[in-house]
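Novice: Sequence plus predicted model, see below.
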Amino acid sequence: MTTKEKGYVREDGRKNNELRSPIKAEVGIIPNADGSAMFQIGKTIALAAVYGPKKMHPQHSQDPEKGTLRCTYNMNSFSVEERIRPGPSRRSTEISKITEWALEPVLMLDKFPNMVVDVHINIIQADAGTRCAGINAAAMALAHAGIPMKDMVSSISVGKIDKTLVLDLDKYEDSEFKDGEGSTDIPVSITHAGEITHLQLDGKISKEQLMEVIEMAKEACGKIYEIQKKALKEAIK
Amino acid sequence: MSGEEIEVTPKVTADRIKKYLEQGKRFDSRKLDEFRELKIEKDISKKAEGSVRVKLGKTEVIVGVKMDASEPYPDSPNEGNLMVTAELLPMSSPRIELGPPKFDAIELGRVIDRGIRESKFIELDKLCIKEGEKVWTVFVDIYSINDDGNLFDAAGIGAVAALKIAKIPEYDEEKGKVIYGKHEKSLPLKKISPFAITIHKIGNNLIVDPTKEEEDVSNTRLTIGSSDGTIFSMQKGDSTSMKIEEISKAIDVVEKSWKELFKKVEEQLK
């Protein structure tokens, strides 16, 4: 990557545009589910299961125009260093919604009026980038469930560490780095066609650098897409 | 909740399960007192002090142990604390609805808690950091990943296994802070394995390790937490009665099953 600032050198020795390893993807891990997948990137592991389409209850929540996508993101209490209280939180509620918004654009939900597709995401090991890992797993699980999709969604987080842009933040870069301009976290989800379905940012960045961020994310999502595709193909062998 | 989308074992299948059992047979050709294949995977979540994935056939749970330094309870100023919780994830079954924990999850957590607590498996008196001020709290958290029946036993095995491989993090007495990732030694445990083993009564037959279909047909269940013949906890669930002879037989079956499970668990934790 051609960031002008060479100030920040990554602790784990990665290049600035290098994804964490290992990246692992597996489809069909939860037999009860209509579709399921695991996505691991570095030390972050997400599981996703899809149930549906099924009839939406209660009836007043039904949408006669199109089906509803309902995502729930959940972190296991032991997935982080200091145990978190099990169950939903404000953070997980927001990420659940973000995940719905990231995935909905590629789903052909108009085929399922009055129905709901449930996507359950569970983070069993967390080391930053959990929402992106969750979205990657969820997109695969939806495809595995046979929900009609126009495209795939891949997700990655890009960060600005002090002044340097780096791909796929780990826990240290995401929440412990405090020097200079600090750490800016920018999770992005992109379809294979290059449409952005999700973009968040916490921190401080210029437009110029942000555009560079998106280019970095797009390139990385291309790699993730190939991994997702490979896992899905293996599942139907 | 409308029942139409919820997959419950149809009556025709239920009748067939009962009929088979009368002849001592099960759909998957197991004996009545035979468990499905048990698989344990260690360290599935590295931030936990100890974690395992337990599979019993298609049933899967993950269990993680976390530890934190906290204040002791006033009635046990020099003993560590134990907390066991269970979450039935909607991920694990089409039947589980979102929302606050329902009775099933609460019961599961409590039954497993009692098995561990009552057996004194964890030597809580050795988990005191400073009497009356700081002790270790051991959290055992259970999550269902795929429910194909008998979450109880899978969870109980998982809890015992995760505790056996758990390592205590470091405690910085000066700063009063836990340093995670730096692990010193194993938890102080007694040399027992208090697994919870559940016997189900279907008609007049007693079976172990039911699949979801069998669980649906079950009239009543008896969960026994024990180690090598010593019983530490029991819980009878559901509203059909059991005869005294049935209870006695159930304990015999549990003792036999415990021996088999113990061997398998020890092998896989090596």
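Specialist: Cool, the structure landed. Numbers count the residues shown, from 1 in each chain, chains lettered A, B, ... in the order given.

Novice: Pretty sure residue B:143 sits in a strand.
Specialist: Yes - under DSSP: H, G, I helix; E, B strand; the rest coil, residue B:143 sits within a strand.

Novice: Count the neighbours of it for me.
Specialist: 28 (other Cβ atoms under 10 Å in any protein chain shown). Every residue, glycine included, has its C-beta placed from N, CA and C.

Novice: Which residue is the nearest non-sequential neighbour of the residue of chain A found nearest chain B?
Specialist: Using Cβ to the nearest Cβ, the point where chain A gets nearest to chain B is residue A:78, with a distance of 3.0 Å. Of all residues not flanking residue A:78 in the chain, residue B:64 sits nearest, at 3.0 Å (Cβ to Cβ, 6 or more residues apart in numbering or on different chains).

Novice: Whatever helix or strand the one you found lives in: how far from the chain's middle?
Specialist: Element membership of residue B:64, judged by DSSP states H and E, is strand B:59-70. Strand B:59-70 sits 12 Å away from the centroid of its parent chain (Cα atoms, centre = their mean, to the nearest Å).

Novice: So which elements touch the following helix or strand past it?
Specialist: The helix or strand immediately downstream of strand B:59-70 is strand B:81-87, counting by DSSP H and E. Applying 3 or more Cβ pairs under 8 Å, 6 or more residues apart in numbering or on different chains; DSSP states H and E, one finds that strand B:81-87 contacts helix B:103-118, strand B:134-146.

Novice: Which strands or helices does the biggest helix by length in chain B pack on?
Specialist: Across chain B, the helix with the greatest residue count (assigned by DSSP state H) is helix B:244-269. Counting contacts by 3+ Cβ pairs under 8 Å, 6+ apart, helix B:244-269 packs against strand B:38-42, helix B:151-165, strand B:195-202, strand B:205-208, strand B:220-227.

Novice: To residue A:192, which of the ones you listed lies closest?
Specialist: Counting by Cβ to Cβ, residue A:192 lies closest to strand B:38-42 out of the helices and strands packed on helix B:244-269; the figure is 33.0 Å.

Novice: about what we covered before: most tightly packed of the helices and strands packed on helix B:244-269?
Specialist: helix B:151-165 (a mean of 27; mean count of other Cβ atoms under 10 Å in any protein chain shown).

Novice: Please name every helix or strand in contact with the helix or strand just after that helix.
Specialist: The helix or strand immediately downstream of helix B:151-165 is strand B:167-172, counting by DSSP H and E. For strand B:167-172, the elements it packs on are strand B:59-70, strand B:177-186, judged by 3+ Cβ pairs under 8 Å, 6+ apart.

Novice: Of these, which shows the lowest average pLDDT?
Specialist: Lowest mean pLDDT within those: strand B:177-186, a mean of 88.

Novice: For it, which strands pair with it and how are they oriented?
Specialist: Take DSSP bridges as the rule and strand B:177-186 pairs in its sheet with strand B:167-172 (antiparallel).

Novice: Going by neighbour count, list what's buried in the partner strand.
Specialist: Residues of strand B:167-172 classed as buried: B:167-169, B:171 (neighbour count, 16 or more other Cβ atoms under 10 Å in any protein chain shown).

Novice: Stretch A:222-232 now?
Specialist: A:224-225, A:227-229, A:231-232.

Novice: Could you do stretch A:176-191 as well?
Specialist: Residues of stretch A:176-191 classed as buried: A:177, A:181, A:183-191 (neighbour count, 16+ other Cβ under 10 Å).

Novice: picking up where we left off before, in a markdown table: the buried residues of stretch A:222-232, plus secondary structure and pLDDT.
Specialist: Converted to a markdown table, the buried residues of stretch A:222-232 look like this (DSSP: H, G, I helix; E, B strand; the rest coil; pLDDT from 0 to 100):
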| residue | secondary structure | pLDDT |
| --- | --- | --- |
| A:224 | helix | 98 |
| A:225 | helix | 98 |
| A:227 | helix | 98 |
| A:228 | helix | 98 |
| A:229 | helix | 98 |
| A:231 | helix | 98 |
| A:232 | helix | 98 |
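
Novice: Any idea which residue is closest to the centre of chain A?
Specialist: Nearest residue to the geometric centre of chain A (Cα atoms, centre = their mean): residue A:132, 2.0 Å.

Novice: which residues touch the residue nearest to that residue when sequence neighbours are not counted?
Specialist: Excluding its sequence neighbours, the residue lying closest to residue A:132 (Cβ to Cβ, 6+ apart) is residue A:155, at 3.9 Å. Counting by Cβ atoms under 8 Å, 6 or more residues apart in numbering or on different chains, residue A:155 touches A:102, A:131-133, A:135-136, A:139, A:187-190, A:198, A:221, A:224.

Novice: Helix, strand, or coil at residue A:155?
Specialist: strand.

Novice: What parts of chain B come near chain A?
Specialist: B:1-2, B:4-5, B:44-49, B:51, B:58, B:60, B:62, B:64-66, B:68, B:85, B:87, B:89-94, B:98, B:100-101, B:139, B:141, B:143, B:145-148, B:178, B:180-181 (Cβ under 8 Å from any Cβ of the partner chain).

Novice: Just the buried subset of the residues you listed, please.
Specialist: Among the residues of chain B next to chain A, those buried by neighbour count (16+ other Cβ under 10 Å) are B:5, B:44-45, B:47-49, B:51, B:58, B:60, B:62, B:64-66, B:68, B:85, B:87, B:89-94, B:101, B:139, B:141, B:143, B:145-148, B:178, B:180.

Novice: Would you mind writing the CA trace of the helix or strand where residue A:138 lies as CSV?
Specialist: Assigned by DSSP H and E, residue A:138 falls within helix A:130-144. This file holds the C-alpha atoms of helix A:130-144, laid out as CSV (Å, rounded to 0.1, in the frame of the first residue of the first chain):
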residue,chain,number,x,y,z
THR,A,130,-16.2,-9.4,15.0
ARG,A,131,-19.0,-7.6,13.1
CYS,A,132,-17.2,-8.1,9.8
ALA,A,133,-16.5,-11.8,10.6
GLY,A,134,-20.2,-12.1,11.5
ILE,A,135,-21.4,-10.6,8.2
ASN,A,136,-19.0,-12.9,6.2
ALA,A,137,-20.4,-15.9,8.0
ALA,A,138,-24.0,-14.7,7.7
ALA,A,139,-23.7,-14.1,4.0
MET,A,140,-22.3,-17.6,3.5
ALA,A,141,-25.1,-19.1,5.7
LEU,A,142,-27.8,-17.3,3.7
ALA,A,143,-26.4,-18.7,0.4
HIS,A,144,-26.1,-22.1,2.0
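
Novice: Any chance of a markdown table for the buried residues of stretch A:222-232, columns distance to chain B?
Specialist: Below are those laid out as a markdown table (distance: Cβ to the nearest Cβ, whole Å):
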| residue | distance to chain B |
| --- | --- |
| A:224 | 22 |
| A:225 | 24 |
| A:227 | 21 |
| A:228 | 19 |
| A:229 | 23 |
| A:231 | 18 |
| A:232 | 19 |
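
Novice: Those residues into TSV, with extra columns for distance to residue B:266?
Specialist: Converted to TSV, the buried residues of stretch A:222-232 look like this (distance: Cβ to Cβ, whole Å):
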residue	distance to residue B:266
A:224	40
A:225	44
A:227	37
A:228	39
A:229	42
A:231	34
A:232	38
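
Novice: residues in contact with residue A:109?
Specialist: Residue A:109 touches A:66-69, A:117, counting by Cβ under 8 Å, 6+ apart.
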